[in-house]
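Peer 1: sequence isn't available, so here's the structure alone:
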């Protein structure tokens, strides 16, 4: 039986808005919590969170591929979409296919979790620090580098 790594995804709409919100994923075992602002419906946000996690796992395949990846989401439509091959429409079928393509050699499953147990949507304090000696590659996943501006007052992010 393969060792399992538990991951969480979340796409939370912004309060009072019909479009847009926060996408996030967490891999608590590795001390990883990723969050970003994105546009779209709740379904769009959840799919972006899932695809972001799968891209991250693929970038770190030497860590993820020997293990089974169990992804937890608190959004039933996306969990259903990824777990059932039934007629979901052309667009939904292509989303399922794209998820499998992004994951590459990563063996993953998607499971429904109660919203209060979704660690991607919870407090940053609920995620432990990145373990010493970790080989997780963050820079290659995000494409973001940090540099000091000439003023020296704060770090700037550059894509």
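Peer 2: That came in fine, so what should we check first? Keep in mind it's a predicted model, so treat the numbers as computed, not measured.
Peer 1: summarise which helices and strands the lengthiest helix in the chain is packed against.
Peer 2: Ranked by residue count and defined by DSSP state H, the top helix of the chain is helix 42-59. Packing contacts for helix 42-59, counted by 3 or more Cβ pairs under 8 Å, 6 or more residues apart in numbering; DSSP states H and E, involve strand 4-13, strand 21-27, strand 32-38, strand 68-73, helix 76-83, helix 90-103, strand 107-112, helix 139-142. Just so you know, the C-beta spots here come from the backbone N, C-alpha and C atoms, and that holds for glycine as well.
Peer 1: adjacent strands (with direction) for the second one?
Peer 2: With DSSP bridges as the criterion, the sheet partners recorded for strand 21-27 are strand 4-13 (antiparallel), strand 32-38 (antiparallel).
Peer 1: wait, which of the ones you listed is closest to residue 95?
Peer 2: strand 4-13 (13.2 Å; Cβ to Cβ).
Peer 1: list the buried residues in the closest one.
Peer 2: 5, 6, 7, 8, 9, 10, 11, 12, 13 (16 or more other Cβ atoms under 10 Å).
Peer 1: for the second one, which residues count as its bridge partners?
Peer 2: Same thing as residue 6. According to DSSP bridges, beta-bridge pairing links residue 6 with residue 70.
Peer 1: done for today, thanks.
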